[in-house]
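Asker: got a sequence here, can you build the structure:
(2 chains)
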Protein chains: 2
Amino acid sequence: MTQHSHQTAPTQFMDAAGIRFAYRRFGKSGGVPLVFNMHFTGTMDHWDPLVTDGLAATREVILFNNAGISSTSGKVPASVEEMAANAAAFIKALGLKTVDVLGFSIGGFVAQEIALQAPALARRLILVGTGPRGGQDMATLTPEAQRIFGATYEVPDEIWLAVHFTPSAASQAAGREFLKRFRLRTENRDPEVNEAVAPAQLEAIAKWGASNAGSYDYLKVIRQPTLVVNGIDDVIIYSINSFILARHLPDAQLILYPDANHGSQYQYPELFVRHVSTFLDA
Amino acid sequence: MTQHSHQTAPTQFMDAAGIRFAYRRFGKSGGVPLVFNMHFTGTMDHWDPLVTDGLAATREVILFNNAGISSTSGKVPASVEEMAANAAAFIKALGLKTVDVLGFSIGGFVAQEIALQAPALARRLILVGTGPRGGQDMATLTPEAQRIFGATYEVPDEIWLAVHFTPSAASQAAGREFLKRFRLRTENRDPEVNEAVAPAQLEAIAKWGASNAGSYDYLKVIRQPTLVVNGIDDVIIYSINSFILARHLPDAQLILYPDANHGSQYQYPELFVRHVSTFLDA
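Answerer: Numbering: from 1, shown residues only, chains lettered A, B, ... in the order given. Sure thing, here's the model as predicted:
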């Protein structure tokens, strides 16, 4: 049975690990739900309805705000490990034994940590616009990311045109279509994150990104079938990090989209839904 | 109308550029045909029927032997550029104005050169298990390729287990299934290539693989939508070269398959057919 959609799903709440988690749950129930983990400073409203509803046509989709984000209570922890522990506690509190886990950017770090901490909980992983612990140029924000996140934007949402899309005319046009979709939900929209979120997430990102000998060894332990997706021109987490993930994970398929930056799944939403569905149904 | 199959398609001949080209043509006619360019020392019989028939369900498939290979007359030229000129002459002699071009390994070099020499002829490209001019570790055979091609095999065909598949149990099992399919055509099979083929192809490969400053610049000129496919563990042409192709081509999608070597499309034939069909029909 298909219930609700990206626009109509009510925000619900679930207590776990001393946190009141805000979440939305919609789509076709009965199978393995797909849990979405959001990027830096994003909320549930930052997902693309074409992606969430596209995937919800064939499975149940769960969006949530992790600790300290927007409508979820608590504090953003300063490590990816703690973020993953909170996410796993939330998923278990919903009574779910097995889910598929999608993570975008820092959400992709969290997804990897969920697989490490609770391997039985995660059936399959989808890692989008992300990288491994200690990946290339991940110890600090890239020069491009520093410029993009340091700039001011007359229309604040338009920062995502620079983060998620390339400068090409085609990519920017796709970005403007994404922004229209992204603004469609007007009722019960999530509040923007508060000023404590970015510093804590940046601290977590810096620890995760710090390179050490054997940085990639942990990837051999993640046995879940994994789909790694990115744009070929990601300037936020360089695309080579997606290649590194696929090289070191035991069972990962890699898909990189042309003329696409960090948010390639918002540039090619239908193709992304098709690739993800093919992967999850295999 | 669907006509013939991998097993039943007769070998036909077409004269062009002073060469008598052997080819087979089958599948659903009426659209843009897909022309296959074969790997080092391979003939038309080295394609996987699951791949060719899978794609022939929705389009016309053309297999052929380039100059000097098996049942085609002439001499193998010692450059990729001449191989591509011969291939383009053959395609035009068939009366075709536009085709999609698939190339595997050295066939992928030929496909890129066809796009450069005859851009209007090639609508879309599929580059499988291949790399760019002057790619990483492409100036000579890789150490793994030297070992694999230098060894002797009790069952000669089993060389392809080492070339196309990884050492994992799952990949080797897939390889044995491939070998069964590969041997299915027993009537009108192509003769094996003669002893002049490998040296000429190796000379062409060495020239193509030699690295120079700006080796990748030519890729910006290839405007065709391109699908780059490989295994994540290709030891014949290292997988990083597929990443480099996708980075430098203006419009390339990259798909790398898990636990797969040079012949990933033979390890995941159904998934490959699905990905290629999605790409060609976009």
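Asker: distance of the residue nearest to A:N65 when sequence neighbours are not counted from B:H248?
Answerer: Nearest residue to A:N65 in three dimensions, chain neighbours excluded: A:T72, at 3.9 Å (CB to CB, 6 or more residues apart in numbering or on different chains). Any C-beta I mention is one placed from the backbone N, CA and C, and that applies to glycine too. A:T72 sits 43 Å away from B:H248, going by CB to CB, to the nearest Å.
Asker: more neighbours, those two?
Answerer: More crowded of A:T72 and B:H248, by other CB atoms under 10 Å in any protein chain shown: A:T72, with 25 against 17.
Asker: doesn't the more buried one fall inside a helix?
Answerer: No. Using DSSP: H, G, I helix; E, B strand; the rest coil, the assignment for A:T72 is coil, not a helix.
Asker: who's in contact with A:S79?
Answerer: By CB atoms under 8 Å, 6 or more residues apart in numbering or on different chains, the residues touching A:S79 are A:E203, A:A204, A:K207, A:W208.
Asker: A:Q112 is in contact with A:Y216, isn't it?
Answerer: No. Using CB atoms under 8 Å, A:Q112 is not in contact with A:Y216, being 11.2 Å away.
Asker: okay, and the common contacts of those two?
Answerer: Common neighbours of A:Q112 and A:Y216 (CB under 8 Å, 6+ apart) are A:P132, A:R133.
Asker: more neighbours: those two, which one.
Answerer: A:Q112 (29 against 17).
Asker: looking at the more buried one now. What's its pLDDT?
Answerer: Note for A:Q112: predicted pLDDT of 98.
Asker: how close does it get to A:L34?
Answerer: 16 Å.
Asker: what segments of the stretch 51-200 of chain A are helices?
Answerer: For the stretch 51-200 of chain A, the helices defined by DSSP state H, counting those that start in this stretch cover A:80-93, A:106-117, A:143-150, A:159-164, A:169-182, A:197-209.
Asker: what's the most buried one of these?
Answerer: Across the helices of the stretch 51-200 of chain A, averaging neighbours per residue (mean count of other CB atoms under 10 Å in any protein chain shown) puts helix A:106-117 on top, at a mean of 25.
Asker: who are the packing partners of it?
Answerer: Packing partners of helix A:106-117 (3 or more CB pairs under 8 Å, 6 or more residues apart in numbering or on different chains; DSSP states H and E): strand A:34-37, helix A:80-93, strand A:99-104, strand A:122-128, helix A:197-209.
Asker: nearest to chain B, of these?
Answerer: Chain B lies closest to strand A:122-128 among the helices and strands packed on helix A:106-117, at 12.2 Å (CB to the nearest CB).
Asker: how close does A:Y153 sit to chain B?
Answerer: 28 Å (CB to the nearest CB, to the nearest Å).
Asker: and for that residue, the neighbour number?
Answerer: 12.
Asker: closest one to B:N188 among the helices of the stretch 51-200 of chain A?
Answerer: B:N188 lies closest, by CB to CB, to one member of these: helix A:169-182, at 47.1 Å.
Asker: the closest one packs against which elements?
Answerer: helix A:49-56, helix A:159-164, helix A:264-267.
Asker: now that helix and helix A:49-56, what's the angle there?
Answerer: Here helix A:169-182 points in a direction 70 degrees away from that of helix A:49-56 (axes from the mean of the first three to the mean of the last three CA atoms, to 10 degrees).
Asker: contacts for helix A:169-182, please.
Answerer: A:45-46, A:48-50, A:157-158, A:160-161, A:164-166, A:259-261, A:263, A:266-268.
Asker: report the buried members of these.
Answerer: Buried residues within the contacts of helix A:169-182, counting neighbours by 16 or more other CB atoms under 10 Å in any protein chain shown: A:45-46, A:48-50, A:160-161, A:164-166, A:259-261, A:263, A:266-268.
Asker: can you narrow the residues you listed to ones near chain B?
Answerer: Applying CB under 8 Å from any CB of the partner chain to these, one finds that A:D259 fall near chain B.
Asker: quick check, pLDDT for A:M1.
Answerer: Looking at A:M1, the pLDDT reads 54.
Asker: okay, which residue is most central for chain A?
Answerer: Most central in chain A under CA atoms, centre = their mean is A:F104, positioned 2.3 Å from the mean C-alpha point.
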